[in-house]
Structure formats: C-alpha cells, structure tokens
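Colleague: Quick one, structure for this:
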Amino acid sequence: MDAIVELSGITKRFPGVLANDRISLAVAPGEIHALVGENGAGKSTLMKILYGLYQPDDGTVAVRGERVVLDSPRRAIALGIGMVHQHFMLVPRFSVAENVILGAEPARGGRLLAGEARARIAALADQYGLAVDPAAPVDGLSVGEQQRVEILKVLYRGAEVLILDEPTAVLTPQEVDDLFANLRRLRAEGKTVVFISHILEEVLAIADRITVLRGGRVVGTLVAREATKAQIAEMMVGRPVLMDLAIPPARPGEVALEVAGAVVAGRRGRPAVRGVSFTVRGGEIYGIAGVEGNGQSELVEALVGLRPLAAGRLAIRGRDVTRAGVRAIRLLGVAHIPEDRHRRGLVLPMDVWENLILGHHGRKEFGRGPVLDRVAVWRYAADRVQRFDVRTPSLATPVLALSGGNQQKVVVARELGFAPTVLIAAQPTRGLDIGATEFVWTQLAEARAAGLAVVLVSAMLDEVLTLADRVGVIHAGRIVAEFPRGGASPREIGLAMTGARLGERSA
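Modeller: Below you'll find the model as predicted:
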C-alpha cells in the first residue's frame with residue numbers, strides 16, 4: 001500500500017549533534033505506527049520535521065506521494081497532519097468548543113458561528129467515540145477527557161495523520177483503555193496514527209507496525225504482532241535488557257519514616273494533602289500511585305522540608321522533624337529525587353561536576369572550608385558519570401547542555417551517592433529511556449536491599465507495581481486504599497486512583 005507519509009533520507013544536525021542520520025520512514029494510511037527509541041535517538045526531532053517545526057538539512061518529505069516542504073505547523077495542518085502534544089495546550093477557563101475552534105473560528109459577516117461549531121464538534125465526538133460535552137469548561141474535565149479535546153482539535157482541522165507524543169503519560173489504566181479504544185476507532189475510520197511511547201507493553205498492544213530508532217538511525221521496522229518486548233528493547237539499547245526485575249521478599253527493619261495525619265496546603269491555601277498517614281521501614285519500598293495532581297507533589301515537598309505541614313506530624317528515625325527545614329532533614333540522611341529536575345534538582349548553568357556534589361560540597365572528602373579539593377571532586381564526579389552512564393562531552397559541560405534524560409541521571413547519581421537512609425523518589429525515571437530506567441530500577445532495588453526506606457511516587461503504575469512492597473493509592477489528597485505487593489490487580493488499583501469506593505471496586 002502506498003504511504004500516506006514518507007520521509008526519505010532525513011538528516012538534521014545541531015551544533016555538535018547529528019540528531020537524524022539519513023532516516024527513512026514510511027507510514028501507511030489507516031495504520032497505527034509506533035515510534036520508539038532511547039533518549040536522543042531522534043524521535044522528537046523527526047516528528048518536529050514532519051509537523052513543520054524543523055526543516056531537514058537533507059532528505060525529502062512526501063505526503064500522499066507528493067513531495068512537500070513543511071515550513072510551518074500551519075502548512076502541516078493544511079496537508080492533514082496534526083500533533084497532540086504530551087503536555088496539553090488548553091485554556092482551562094474556556095469550554096471544550098472554545099478550545100477546539102481557537103484559531104480556526106467559523107464566522108460569517110464578522111459573527112462567530114458558535115452553534116455551528118458546537119454541532120460539528122458534537123458530530124466529530126460521536127463519530128470517533130470521543131465522549132465529551134462541547135459546552136463543558138475544560139478545567140472541570142478529567143485528564144483523559146482533556147486529551148480527547150486535544151484529539152478533537154486536530155480532527156476539527158481536518159487531520160488525516162495524528163502524531164501522539166507520549167499520550168498515556170498522565171492517564172490511569174482505565175483512561176489508557178479508553179484512549180486505545182478511541183485510537184482503534186480512528187483507525188477503523190481511515191485515520192493514521194503515529195504513536196510515540198516508551199512503554200513497550202502499550203506499543204505492542206496498540207500498534208500495527210513499530211519503527212525503532214537508535215543513535216539517530218533506523219534500526220528496523222517490525223510487525224507488532226510478531227515482535228516481543230525483549231526484542232524491541234534490545235534493538236533500542238543495542239544489548240539485552242532486563243525486562244522483569246526480580247525483587248526478593250522484603251525484610252523490613254525499624255521505622256525510618258513516619259507520617260501521621262499530614263495536612264499540606266496547596267494553591268491559594270486550600271488543602272492539597274488531607275490527613276495522610278503511613279510509615280516506611282528500612283529495607284522496604286512504599287509506593288504512592290495516583291493520577292498526577294492529587295496531592296503527590298505537595299506531599300513530597302512536605303516530606304523533604306520544602307513545604308510546611310499545616311497539621312500532623314513527620315518523624316525521621318524517631319526524631320520529630322515536623323517543623324524542620326530542608327537542611328536539617330537532609331542532614332538526617334534524607335535524599336530527594338524531585339519530580340521537576342529543573343526547579344528542584346539542578347542549577348542548569350553550573351557544570352556537571354558541580355551539580356553532582358550540590359548540597360554536599362562541604363563534606364570533608366571534598367576539601368576544607370571554602371577551598372575544594374578539585375582532584376577529589378573530579379574523581380568522584382567521573383565515577384558517578386561512569387556508573388550512571390551520564391552522556392556528557394565533559395565534566396565541565398553545563399548541565400543545561402545535556403538531554404533531559406541525562407540531566408535526570410545526574411540528579412539520581414547525586415542523591416544515591418552519599419549513603420542516605422531515606423530516599424524520597426518522585427518520578428525517578430521520568431524522561432529516561434528503557435536502558436536508563438532499567439538501571440534506576442536496579443539502583444532503587446539495591447537501595448532497598450541495603451536497608452534504605454524508599455518512598456516511590458510515580459505516575460507509572462507499572463513502575464510502582466514492579467518495585468513497591470506496599471502501594472498506597474492517593475486521590476484528592478487522601479490515601480484511599482493500601483495494598484501489599486500482589487494484593488490487587490492493576491485494574492483495581494486504577495479504579496482506586498479514580499476515587500471509586502471499595503464496594504464499587506468489588507462490583
């Protein structure tokens with residue numbers, strides 16, 4: 001079958017980086033074509049070329065057999081190519097219809113045809129199974145419903161090819177099922193989907209074909225029903241990857257972290273965390289699962305002293321630290337992998353070596369007083385870079401010059417580098433490819449085996465279920481359910497994440 005989109009010999013260079021190296025990719029009409037690869041493999045660059053955000057240095061793009069120049073997103077949309085970004089681009093106070101037509105408002109004689117727009121949106125929603133009320137305010141919708149609005153935006157503009165960038169990153173398992181049902185319906189209606197994801201189970205479940213990139217080149221294209229997760233991972237990384245981490249039974253020690261009745265204020269002073277209680281012992285991982293925005297961020301900030309408790313108690317190894325600050329809590333051996341590495345984890349203009357000792361630069365092994373022992377610091381930083389496979393031209397490279405995944409590796413390498421006793425890990429593998437994720441999971445498992453008490457907060461349910469000895473489900477700022485390892489199915493935990501009651505989950 002002729003390709004609806006064909007990229008031939010695409011090459012794109014940036015200063016010091018060959019992002020795409022003679023990439024050729026053909027996407028057939030009416031298929032779901034997955035694009036996978038490590039960080040820096042060239043996926044995003046390639047899709048930005050297809051969407052008109054970048055122009056290639058070499059190579060051609062053809063749409064429906066005709067060579068085209070995609071010099072802007074407007075040109076891509078005019079040719080029927082739309083993109084749904086990972087981070088939604090919606091105006092919260094606008095209605096669904098207002099968001100969908102924004103920038104493409106139907107008008108006659110200077111008057112907005114609002115009724116006509118709502119009718120067309122309702123028809124599109126019905127045709128493609130994207131259940132959403134055109135009159136509903138966006139800020140009252142669930143994350144899954146907001147994603148449907150984004151898909152409706154590109155369909156409204158006549159898109160025949162939809163590029164979806166990490167579309168499941170913020171969804172519950174039930175919302176992922178709904179999304180996949182919508183994508184299959186789009187395919188049945190003749191639409192074409194390019195699906196970018198790092199979750200290989202999802203890729204195998206939804207894709208017709210899978211193209212793997214590594215180092216800016218195409219490694220191969222597979223028929224999804226004939227491929228395996230291990231095969232794709234090895235193609236991505238260039239070596240066999242440990243897909244299932246064997247976690248031995250926990251041997252919990254003494255209580256290392258105690259949270260009792262924690263209340264934490266969020267925006268505008270409203271409680272974001274409402275009476276949360278749990279304990280974590282040395283040698284165990286306590287996972288917190290939930291849809292993002294349900295109080296996880298505020299809870300993590302309270303645990304490390306960045307945000308005060310409005311009520312409740314926090315203790316580290318028996319010491320009350322309810323009113324303590326960041327430094328006091330850190331000196332008690334609490335390490336923190338923050339969810340936002342730019343705001344909380346790194347000083348972007350500083351060099352890699354500086355970020356690797358940030359907060360620990362006063363340690364005796366790094367010198368005395370204000371004078372650093374550069375040899376000792378350099379030796380330590382080089383060891384961290386090697387152990388964590390931080391891909392950097394030099395230890396003296398500013399960390400802002402690294403990819404997002406390598407920036408995250410710097411944070412993880414630093415936080416595990418100074419023998420903590422408690423580790424608060426918020427989204428520790430966000431932005432990491434499968435090889436780096438495997439490494440971080442192994443590090444967290446080794447930290448548990450070494451006796452650390454680990455709190456793992458992750459939007460990836462698979463990550464929590466793989467690593468955690470106990471799982472607390474957070475919804476609307478409360479722990480609404482708690483399960484031991486293997487004590488609940490992903491679907492049951494997913495229902496709890498939506499706030500469903502115990503009786504409803506049983507039903």
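
Colleague: confidence score at K229?
Modeller: Listed pLDDT for K229 reads 88.

Colleague: That one and L200 touch, don't they?
Modeller: Yes - assessed by Cβ atoms under 8 Å, K229 is found in contact with L200 at 4.7 Å. Bear in mind the C-beta positions are built from the backbone N, C-alpha and C, glycine included.

Colleague: Tell me which of these two has more neighbours.
Modeller: Between K229 and L200, counted using other Cβ atoms under 10 Å, the more crowded position is L200 (22 against 15).

Colleague: OK, contacts around the more buried one?
Modeller: V36, K229, I232, A233, I434 (Cβ atoms under 8 Å, 6 or more residues apart in numbering).

Colleague: do the same with L356
Modeller: For L356, the contacting residues are Y380, A381, R384, V385, V410, A413, R414, G417, by Cβ under 8 Å, 6+ apart.

Colleague: Any chance of these in JSON lines with neighbour count and distance to V5 as columns?
Modeller: Converted to JSON lines, these look like this (neighbours: other Cβ atoms under 10 Å; distance: Cβ to Cβ, whole Å):
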{"residue": "Y380", "neighbour count": "19", "distance to V5": "48"}
{"residue": "A381", "neighbour count": "24", "distance to V5": "44"}
{"residue": "R384", "neighbour count": "21", "distance to V5": "42"}
{"residue": "V385", "neighbour count": "21", "distance to V5": "39"}
{"residue": "V410", "neighbour count": "25", "distance to V5": "37"}
{"residue": "A413", "neighbour count": "23", "distance to V5": "39"}
{"residue": "R414", "neighbour count": "22", "distance to V5": "42"}
{"residue": "G417", "neighbour count": "18", "distance to V5": "45"}
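
Colleague: what phi and what psi does the backbone show at L257?
Modeller: Main-chain dihedrals, L257, degrees, to the nearest 10: phi -140, psi 130.

Colleague: What residue spans form the domains of this structure?
Modeller: Annotated domains of the chain cover 5-237, 246-333+421-431+453-507, 338-419 [automatic domain parsing].

Colleague: chain center to the second one: distance?
Modeller: In terms of Cα atoms, centre = their mean, to the nearest Å, the centre of domain 246-333+421-431+453-507 is set 18 Å apart from its chain centre.

Colleague: The longest one now?
Modeller: Between the centre of domain 5-237 and the centre of its chain there are 17 Å (Cα atoms, centre = their mean).

Colleague: Quickly note the distance from N294 to A136.
Modeller: The gap separating N294 from A136 is 21 Å, by Cβ to Cβ, to the nearest Å.

Colleague: I figured E189 was touching G129, is that so?
Modeller: No - using Cβ under 8 Å, E189 is not in contact with G129; the gap is 9.5 Å.

Colleague: still on that earlier bit, filter the contacts of L356 down to just the ones in strands.
Modeller: If you go by DSSP state E, those have nothing in strands.

Colleague: Just flag the most distant two among those residues.
Modeller: Greatest spatial distance in the contacts of L356: Y380 and V410, 12.9 Å, computed using Cβ to Cβ.

Colleague: What are the buried residues along the helix or strand encompassing T466?
Modeller: According to DSSP states H and E, T466 maps onto helix 461-467. For helix 461-467, the neighbour count (16 or more other Cβ atoms under 10 Å) marks L461, E463, V464, L465, T466, L467 as buried.
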